[in-house]
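I'd like to go over a predicted model; first the sequence, then the structure.
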Amino acid sequence: MIDPPTAKPDSPERKVELEQTVDFAVQLLLEEAHTLGWQRVEFLTAVMDAANNQLSAIEEERELEEVPPTSS
């Protein structure tokens, strides 16, 4: 469903490529969910909630990695 990037990191083309990739994947999921009976708005809201949860988890991991171990 998702192709690997072809543009170099930090290039504007990579950002556009990623946005197009994500948009396509979300469109596919949205249409499938709608076909199965989910309302588009409720599905997209759940996608945003899931993305926010994933970002929060990444932030927590980073914070834990920055905390130096305590000495006993």
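Here it is on my side, so go on. Everything numeric here is computed off the predicted structure, so don't read it as measured data.

which helices and strands does the strand or helix carrying L64 pack with?
Here L64 is covered by helix 40-66, with elements defined by DSSP states H and E. Counting by 3 or more Cβ pairs under 8 Å, 6 or more residues apart in numbering; DSSP states H and E, the packing neighbours recorded for helix 40-66 are helix 12-35. C-beta coordinates here come from the backbone N, C-alpha and C atoms, glycine included.

distance from the chain centre to the helix it packs on, please.
Distance of helix 12-35 from the chain centroid (Cα atoms, centre = their mean, to the nearest Å) equals 10 Å.

can I get that helix in PDB, CA atoms only?
The C-alpha trace of helix 12-35 is given here as PDB (Å, rounded to 0.1, in the frame of the first residue of the first chain):
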ATOM      1  CA  PRO A  12      10.800  19.600  -0.400                       C
ATOM      2  CA  GLU A  13      10.100  16.700  -2.800                       C
ATOM      3  CA  ARG A  14      10.200  14.200   0.000                       C
ATOM      4  CA  LYS A  15       7.600  16.200   2.000                       C
ATOM      5  CA  VAL A  16       5.300  16.300  -1.000                       C
ATOM      6  CA  GLU A  17       5.800  12.600  -1.800                       C
ATOM      7  CA  LEU A  18       5.000  11.700   1.800                       C
ATOM      8  CA  GLU A  19       1.900  13.900   1.900                       C
ATOM      9  CA  GLN A  20       0.700  12.200  -1.300                       C
ATOM     10  CA  THR A  21       1.400   8.800   0.000                       C
ATOM     11  CA  VAL A  22      -0.500   9.400   3.300                       C
ATOM     12  CA  ASP A  23      -3.400  11.100   1.500                       C
ATOM     13  CA  PHE A  24      -3.700   8.000  -0.800                       C
ATOM     14  CA  ALA A  25      -3.600   5.600   2.100                       C
ATOM     15  CA  VAL A  26      -6.100   7.500   4.100                       C
ATOM     16  CA  GLN A  27      -8.500   7.800   1.100                       C
ATOM     17  CA  LEU A  28      -8.300   4.000   0.700                       C
ATOM     18  CA  LEU A  29      -9.000   3.400   4.400                       C
ATOM     19  CA  LEU A  30     -11.800   6.000   4.400                       C
ATOM     20  CA  GLU A  31     -13.600   4.500   1.400                       C
ATOM     21  CA  GLU A  32     -13.300   1.000   2.800                       C
ATOM     22  CA  ALA A  33     -14.600   2.100   6.200                       C
ATOM     23  CA  HIS A  34     -17.500   4.000   4.600                       C
ATOM     24  CA  THR A  35     -18.400   1.000   2.500                       C
END
